[in-house]
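In: Quick one: sequence plus predicted model below, questions after.
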Amino acid sequence: MRDQNPVFIPGPTNIPDRLRAAMNVQTTDHRSPGFAASLQAVLEDLKKVFKTGTGQCFIFPGSGTGGWEAAVTNTLSPGDKVLVARYGMFSHRWIDLCQRHGLDVEVMECPWGSGAPADRFAERLAADRDHQIRAVLVTHNETATGVLSDIAAVRAAMNQSGHPALLCVDCVSSLASMDFRMDEWGVDLAVSGSQKGLMLATGMAIVAASEKALAATANAGLARCYFDFRDMQKAYRSGGYPYTPPAPLISGLRESLDMLFEEGLDRVFSRHYRIAEGVRRAVSAWGLELCAASPDLYSDSVSAIYVPEGCNSDELTDHAYRQYGVSFGVGLGEMAGKAFRIGHLGALTDVMALSGIATIEMAMRDLGYPVQAGAGVAAAQEFYRSSVADR
């Protein structure tokens, strides 16, 4: 029966039965008029989640990492300079991908637990009078540390100096969980995936590109084939795909979008805030600290939590899995052994969250953590009770 337990990792997330059923489809002809019509409707509705009226969405078979590669290879050339801040494992991995593609990567080192340094971006971009920097890369929600960065502030920093660089944003663990405003924030490339806020199985890299980003494809010199925007655009115009598409996942995405719109995006975001805040109240009641350096950086999709000095967070997550059959996120990179993560995004309710809070609390007590029995659960319960009117 342990396979009935929800997971509390920050992705892949729990898949609702409704979406599992939607992905359980018979083989379909991906060159038929019926598939073409359904694909176009999905692509248009995805724009509502990214909040773009003029951008174009692409669906590639792959994961978020494939989306990163698509964003980079379609808009840049070997040797192009990109500016990126490293403040977590996923910003680090994007840096690594760019370096492997032969880009000139200028890295701003930041403490893990901080967010995108808009002020430092502003200073560096103002100094780049020859506009050698071709793109600024930002991780919206750093899954390793539970930090949400202010993308609007980064765009303001770019506008302050009138810099023409592309703004590329990783919104893999924020899209459909927290508000994302592509057009309003001036985002040129937004990269996401199917397995987080969209509540599906892993297997789709989803990229939204602005008109400016699409124009950049004409002069981009990095090699690309599988992830070529131009091939995808051509196929979309004729109602198809340049290769075999992940049809069952696209069927699931249709249902996922319907679920999000039925709940209403604003209610989806408020639900994520409510669940996340209950987790944060529990963390405080345990006497532990979040990795996020300040409340303005708190993520509503994942909380990264430091364990007490002398404890090993990997032992805690291993024990919770072995003893209770529940998965929590391990510490990544600089957080390895120092912090565990509670993923609270996607198909989750406050009742489900309470089960995760209770489970990790039991695991901590089993390992001798100085945690009072029921303290975290009670703190979360009181918050969820008081916020019931917001549902």
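Out: Looks like it came in fine.
In: Would you point out which residue is most central in this protein?
Out: S173 (1.6 Å; Cα atoms, centre = their mean).
In: Let me see the ranges of the strands in the stretch 1-150 of the chain.
Out: Applying DSSP state E, counting those that start in this stretch to the stretch 1-150 of the chain gives strands spanning 56-62, 81-86, 104-109, 133-139, 141-142, 147-148.
In: deepest of these, which one?
Out: strand 141-142 (a mean of 32; mean count of other Cβ atoms under 10 Å). Backbone N, C-alpha and C define where each C-beta goes, glycine included.
In: Tell me which other helices or strands it touches.
Out: Packing partners of strand 141-142 (3 or more Cβ pairs under 8 Å, 6 or more residues apart in numbering; DSSP states H and E): helix 89-100, strand 147-148.
In: Mind listing residues that contact the longest one?
Out: Residues from elsewhere that reach helix 89-100, judged by Cβ atoms under 8 Å, 6 or more residues apart in numbering: 65, 68-69, 72, 82, 84-86, 105, 107, 137-139, 142-144, 170, 172, 332-333, 335.
In: so A320 touches V326, yeah?
Out: Yes. Counting by Cβ atoms under 8 Å, A320 touches V326, with 5.4 Å between them.
In: what touches both of those two?
Out: Joint contacts of A320 and V326 (Cβ under 8 Å, 6+ apart) are T359, I360.
In: Settle it for me: which of these two has more neighbours?
Out: A320 (24 against 21; other Cβ atoms under 10 Å).
In: give me the low-pLDDT residue ranges for the stretch 51-200 of the chain?
Out: Regions of the stretch 51-200 of the chain meeting the criterion pLDDT under 70 are absent.
In: Would you state the helices of the chain in chain order?
Out: For the chain, the helices defined by DSSP state H cover 17-23, 33-50, 64-73, 89-100, 118-127, 151-160, 211-216, 229-237, 247-263, 265-286, 313-324, 350-366, 375-386.
In: and these, which is most packed in?
Out: For the helices of the chain, the largest average neighbour count (mean count of other Cβ under 10 Å) is found in helix 64-73, namely a mean of 24.
In: Show me the contact partners of that helix.
Out: With contacts defined as Cβ under 8 Å, 6+ apart, helix 64-73 is touched by 58, 60, 93-94, 97-98, 101, 103, 168, 170, 172, 189, 191-193, 205-207, 209, 213, 220, 222-224, 227, 229.
In: just how off-centre is it within its chain?
Out: For helix 64-73, the separation from the chain centroid amounts to 14 Å (computed by Cα atoms, centre = their mean, to the nearest Å).
In: Over to stretch 139-158?
Out: Centroid separation between stretch 139-158 and its chain, computed with Cα atoms, centre = their mean, is 11 Å.
In: tell me how far the ends of it are from each other?
Out: 16 Å (Cα to Cα, to the nearest Å).
In: One more: stretch 103-118?
Out: First residue to last in stretch 103-118 (Cα to Cα) measures 22 Å.
In: returning to that earlier point: can you redo the strands of the stretch 1-150 of the chain as a markdown table, where the extra columns are distance to S251?
Out: Below are these laid out as a markdown table (distance: least, Cβ to Cβ, whole Å):
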| stretch | distance to S251 |
| --- | --- |
| strand 56-62 | 12 |
| strand 81-86 | 35 |
| strand 104-109 | 38 |
| strand 133-139 | 30 |
| strand 141-142 | 27 |
| strand 147-148 | 31 |
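In: Mind pulling the model confidence for E277?
Out: The confidence metric pLDDT takes the value 98 at E277.
In: Equivalent analysis for S238, please.
Out: In this model, S238 carries a pLDDT of 87.
In: Please name the nearest non-neighbouring residue to Y324.
Out: The shortest distance from Y324 to any non-neighbouring residue, by Cβ to Cβ, 6 or more residues apart in numbering, is to T359 (5.1 Å).
In: And that neighbour, how close does it get to G162?
Out: Distance of T359 to G162, given as Cβ to Cβ, to the nearest Å: 52 Å.
In: Can you list the neighbours in contact with stretch 216-236?
Out: The contact list for stretch 216-236, computed with Cβ under 8 Å, 6+ apart, reads 39-40, 43, 56, 58, 60, 62, 66, 69-70, 72-78, 101-102, 166, 209, 214, 241-243.
In: Please save the CA atoms from that stretch in CSV.
Out: C-alpha atoms of stretch 216-236 as CSV (Å, rounded to 0.1, in the frame of the first residue of the first chain):
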residue,chain,number,x,y,z
ALA,A,216,17.1,35.7,-33.1
THR,A,217,16.9,32.2,-34.6
ALA,A,218,17.7,33.6,-38.0
ASN,A,219,21.3,34.4,-37.0
ALA,A,220,21.9,31.9,-34.3
GLY,A,221,24.9,29.7,-35.1
LEU,A,222,24.8,27.0,-32.5
ALA,A,223,24.1,23.5,-34.0
ARG,A,224,20.5,22.3,-33.5
CYS,A,225,18.3,19.6,-35.0
TYR,A,226,16.0,17.9,-32.6
PHE,A,227,15.3,21.2,-30.8
ASP,A,228,15.0,23.4,-33.8
PHE,A,229,12.3,26.1,-33.4
ARG,A,230,12.2,26.5,-37.2
ASP,A,231,11.4,22.9,-37.9
MET,A,232,8.7,23.0,-35.2
GLN,A,233,7.2,26.1,-36.5
LYS,A,234,7.0,24.7,-40.0
ALA,A,235,5.4,21.5,-38.8
TYR,A,236,2.9,23.4,-36.6
